[in-house]
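# give the three-dimensional model of this entry:
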Amino acid sequence: MKTARLLQTLEQQLTRLQTQITPLAAHATLSARFDRQLFQTRSTKMQGYLDEAYAHFEELKHAVEQQQLPQVAWLAERLAAQIEAISRESEAWSLRVWDSPSPGLRRWQRKRLETQDFERRLLEMKQQRQQQYQQATTLEDQQRLAREITAFDGRLTRCREALEDIERILARITR
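Coordinates of the predicted model:
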């Protein structure tokens with residue numbers, strides 16, 4: 001009878017916790033929220049931690065059915081600690097501005113498209129200046145156009161570096 005009540009209470013707490021963390025469940029953080037001894041998941045999302053707690057709850061139910069008392073005691077204690085930790089973390093979430101969720105995939109994809117478009121326009125302007133340079137008749141025009149071409153080269157280099165950074169970020173997000 002005691003174990004049935006324990007299971008029911010833990011299930012209610014997990015359900016309440018699911019409702020409590022729903023707004024933050026998909027938000028990733030920069031670092032893990034909990035000690036590896038408490039949670040084994042590598043996820044930095046609250047939903048990942050809750051999923052692990054649910055998995056321990058299922059293990060606990062199975063251990064109760066098999067009447068494995070040492071395992072029941074250990075799992076119940078661990079699950080209670082996990083529920084308490086998730087609950088505390090969800091209450092303190094708003095205080096963690098420094099560790100806010102990483103920007104979404106869509107934002108970085110949009111930034112990549114904008115940067116690629118900028119690169120394309122820079123290439124067009126550089127090619128236009130190169131054509132003007134070839135047709136320039138005065139030394140002054142040639143020098144001015146050469147400086148502009150050099151400036152476009154610098155801008156293109158910085159643009160391509162930014163694109164590489166964006167690609168690395170996208171690769172890290174989509175892993």
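# need the residues that contact the helix or strand where Ala81 lies.
Ala81 is part of helix 69-92 when elements are defined by DSSP states H and E. Residues lying outside helix 69-92 but in contact with it, judged by CB atoms under 8 Å, 6 or more residues apart in numbering, are 3, 6, 10, 13-14, 17, 20-21, 24, 33-34, 38-39, 46, 49-50, 52-53, 56-57, 59-60, 63-64. Bear in mind the C-beta positions are built from the backbone N, C-alpha and C, glycine included.
# so what's the nearest residue to Leu163 once chain neighbours are set aside up against?
If the residues on either side of it in the chain are set aside, Leu163 comes closest to Thr115, at 5.2 Å by CB to CB, 6 or more residues apart in numbering. Taking CB under 8 Å, 6+ apart as the contact definition, Thr115 lies against Cys159, Ala162, Leu163, Ile166.
# Thr115 looks like it's in a helix, true?
Yes: the assignment for Thr115, made by DSSP: H, G, I helix; E, B strand; the rest coil, places it in a helix.
# now the helix or strand where Ala55 lies: buried residues?
Using DSSP H and E, Ala55 sits within helix 46-66. Neighbour-count burial for helix 46-66, counted by 16 or more other CB atoms under 10 Å, picks out 46-50, 52-54, 56-57, 59-61, 63-64.
# same question for stretch 110-124.
Along stretch 110-124, the positions that meet the burial threshold by neighbour count (16+ other CB under 10 Å) are Lys111, Arg112, Thr115, Glu119, Leu122.
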